[in-house]
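*Asks:* After the sequence you'll find the predicted model.
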Amino acid sequence: MVKFLPPGTGPRCPLCGERINGWDSVAEQIETTSAFPVPDPNWSYTDRRGHIHMYWELPPHYATMEWVVDLAAWMDLPEEGHYECKACRETIVPGMIGPSPFRTFIPGMRTITYRPCGHEAPNNLSPIRWRADAL
Ligand SMILES: [Zn+2]
Ligand SMILES: [Zn+2]
């Protein structure tokens, strides 16, 4: 993103004294893509006896199902098990999504670079903010 001030109105760069007529603002992108499958919030399933199962937003997420342990956790191996319908004991495999085929990001640290000299702004102050602080 590039911003420009009217010509001749910019403050001077504190590092080199050149008049600033604009700046680049670049935000670091932090990747939030999940590497593991997560429960599908839109999943629902009707078992053979007609019991409806779905993912609930609030815990317990699978209110109609019970987690049955097949193999207890041992050393650093996680517990293994499966879900069963609480009413008829049918084995249910909850719907999962992902890992996402799309990479997702959130903006992180912002860096402001003065133009035209290219110096990095001290404390990421935009020239406008910096000038307002100096008044
Ligand atoms: Zn400079
Ligand atoms: Zn059932």
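*Replies:* On my side now, so go ahead. Ligands and ions are numbered 1, 2, ... in the order given.

*Asks:* Now look at stretch 14-24 and say if it contacts ligand 1.
*Replies:* Yes: counting by Cβ under 5 Å from the ion, ligand 1 has neighbours in stretch 14-24: 15-16. To be clear about C-beta, it is placed using only N, CA and C from the backbone, and glycine gets the same treatment.

*Asks:* ok now that stretch, how far from the chain's centre?
*Replies:* 34 Å (Cα atoms, centre = their mean, to the nearest Å).

*Asks:* mind listing what's buried in the helix or strand in which residue 69 is found?
*Replies:* Secondary-structure assignment from DSSP states H and E places residue 69 in strand 65-71. Buried residues in strand 65-71, counted by 16 or more other Cβ atoms under 10 Å: 65-66.

*Asks:* show me what contacts the spatially most central residue of the chain?
*Replies:* For the chain, residue 32 is the residue whose C-alpha lies nearest the centre (Cα atoms, centre = their mean; 4.1 Å). Residue 32 sits next to 104-106 when contact means Cβ atoms under 8 Å, 6 or more residues apart in numbering.

*Asks:* And the strands in the protein?
*Replies:* Assigned by DSSP state E, the chain shows strands spanning 2-4, 22-31, 38-39, 44-46, 52-54, 65-71, 80-85, 91-92, 96-97, 105-115.

*Asks:* May I see those organised as JSON lines, with mean pLDDT added?
*Replies:* Written out in JSON lines, the entries for the strands of the chain read as follows (pLDDT from 0 to 100):
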{"stretch": "strand 2-4", "mean pLDDT": "63"}
{"stretch": "strand 22-31", "mean pLDDT": "85"}
{"stretch": "strand 38-39", "mean pLDDT": "86"}
{"stretch": "strand 44-46", "mean pLDDT": "96"}
{"stretch": "strand 52-54", "mean pLDDT": "96"}
{"stretch": "strand 65-71", "mean pLDDT": "94"}
{"stretch": "strand 80-85", "mean pLDDT": "95"}
{"stretch": "strand 91-92", "mean pLDDT": "96"}
{"stretch": "strand 96-97", "mean pLDDT": "87"}
{"stretch": "strand 105-115", "mean pLDDT": "85"}
